[in-house]
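K.L.:
what's the 3D shape of this:
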Amino acid sequence: MSKGAGELQKFLNHEKVNRVILLSDGLANVGPSSPGELGSLGASLIKDGVSVSTIGLGLDYNEDLMTRLADRSDGNHAFVEKSSDLPRIFKSEFGDILSVVAQDIEITIHLAEGFRPIRGIGKDVEIHGQTVVASLNQIYSTQEKYLLLEVEAPPTASGKSLTLANVEVSYANMESKNKERLSGTVGVSFTSSEAEVMRTSNKATLEGYYTQIANENSEKAVQLRDAGKIDEARQTLDGNADLLSENAKRYDLPSLNKKAMDYEGQSKGIASGEWNANRKQMREYEHKSKTQQQW
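P.N.:
Purely as a prediction, here's the structure:
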């Protein structure tokens with residue numbers, strides 16, 4: 001990993017796509033060896049505009065380490081149980097690389113007075129008072145990514161509307177080779193009518209929200225299973241399936257039903273003798289959901 005990053009540094013060019021692809025079938029045995037340390041390495045590389053995609057081959061690699069490295073550098077991750085799947089994975093990975101339309105993306109949200117940022121959902125953000133900053137390494141053509149921010153609103157009378165935030169996005173346009181900026185204003189309306197809330201709810205936002213909440217629960221389920229708490233882990237995943245299916249019906253979001261079925265399958269695999277493979281599949285699924293990986 002370090003040697004690959006070192007080679008890339010020799011040719012680093014912010015007008016080009018800078019990507020390290022790490023293929024591993026084992027454990028870290030030289031240099032940083034914990035998920036936290038490798039995550040820090042990924043975070044340092046993204047500051048230079050370098051992303052790391054990781055491919056775990058077989059059943060012996062450390063999936064926590066590999067997903068953390070990809071996550072912190074905004075790269076892709078794949079679990080490849082059979083080497084015959086590698087051509088498909090590399091085709092997808094290089095397809096992404098060849099379709100980058102923007103990189104070095106920074107999102108800055110300035111919340112209006114009275115609103116308080118709580119946390120990013122599904123993504124780490126920096127909170128400085130009323131200002132929230134998040135970054136993405138790259139955006140691919142035909143891809144849409146979202147950023148979810150939990151905000152505390154001040155008590156406001158029903159029927160009133162307020163400006164919630166001003167949002168600025170800066171990015172490197174890979175076609176024009178210029179640094180470009182976008183800006184916009186987000187508003188919020190208040191109502192005491194539950195029917196009005198249901199009618200005006202943003203379905204795309206709700207889908208992203210429940211997807212990321214379920215993903216956080218999935219990470220907890222893996223921790224419970226690692227601690228030997230199999231029943232609790234299964235209950236957590238079953239709860240995910242219920243959460244998604246209930247809100248799929250409530251908000252007419254059929255896409256959540258597919259995710260609910262995925263968690264039902266994961267729940268059944270919690271106690272199976274194939275836990276090593278199932279764990280890797282769950283970590284891959286979590287990473288793809290968290291980073292909105294498109295393949």
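K.L.:
Figure out the helix or strand that residue 166 lives in.
P.N.:
Using DSSP states H and E, residue 166 maps to strand 161-173.
K.L.:
wait, I meant residue 137
P.N.:
Secondary structure (DSSP H and E) places residue 137 in strand 131-140.
K.L.:
Also residue 20?
P.N.:
Secondary structure from DSSP H and E places residue 20 in strand 18-24.
K.L.:
And the strands in the protein?
P.N.:
18-24, 50-57, 77-80, 100-111, 116-121, 126-128, 131-140, 148-152, 161-173, 179-189 (DSSP state E).
K.L.:
correct me, but residue 165 touches residue 110?
P.N.:
Yes - judged on Cβ atoms under 8 Å, residue 165 makes contact with residue 110 at a distance of 6.0 Å. Where you see a C-beta, it was placed from the backbone N, CA and C, and this is true even at glycine.
K.L.:
ok, the two, which is more surrounded?
P.N.:
residue 165 (21 against 14; other Cβ atoms under 10 Å).
K.L.:
ok, the more buried one to residue 134 distance?
P.N.:
Taking Cβ to Cβ, to the nearest Å as the measure, residue 165 falls 13 Å from residue 134.
K.L.:
tally of neighbours for the spatially closest residue to residue 109 that is not a sequence neighbour?
P.N.:
In space, and not counting its chain neighbours, residue 109 is closest to residue 132: 4.3 Å by Cβ to Cβ, 6 or more residues apart in numbering. Counted with other Cβ under 10 Å, residues neighbouring residue 132 total 23.
K.L.:
and what of residue 260?
P.N.:
Other residues close to residue 260 by other Cβ under 10 Å number 19.
K.L.:
Find the residues that touch each one of residue 165 and residue 134.
P.N.:
Overlap of the contact sets of residue 165 and residue 134 (by Cβ atoms under 8 Å, 6 or more residues apart in numbering) consists of residue 109.
K.L.:
hang on, the earlier thing: between strand 131-140 and the strand holding residue 166, find me the angle.
P.N.:
Put simply, strand 161-173 runs at 40 degrees to strand 131-140, going by axes from the mean of the first three to the mean of the last three Cα atoms, to 10 degrees.
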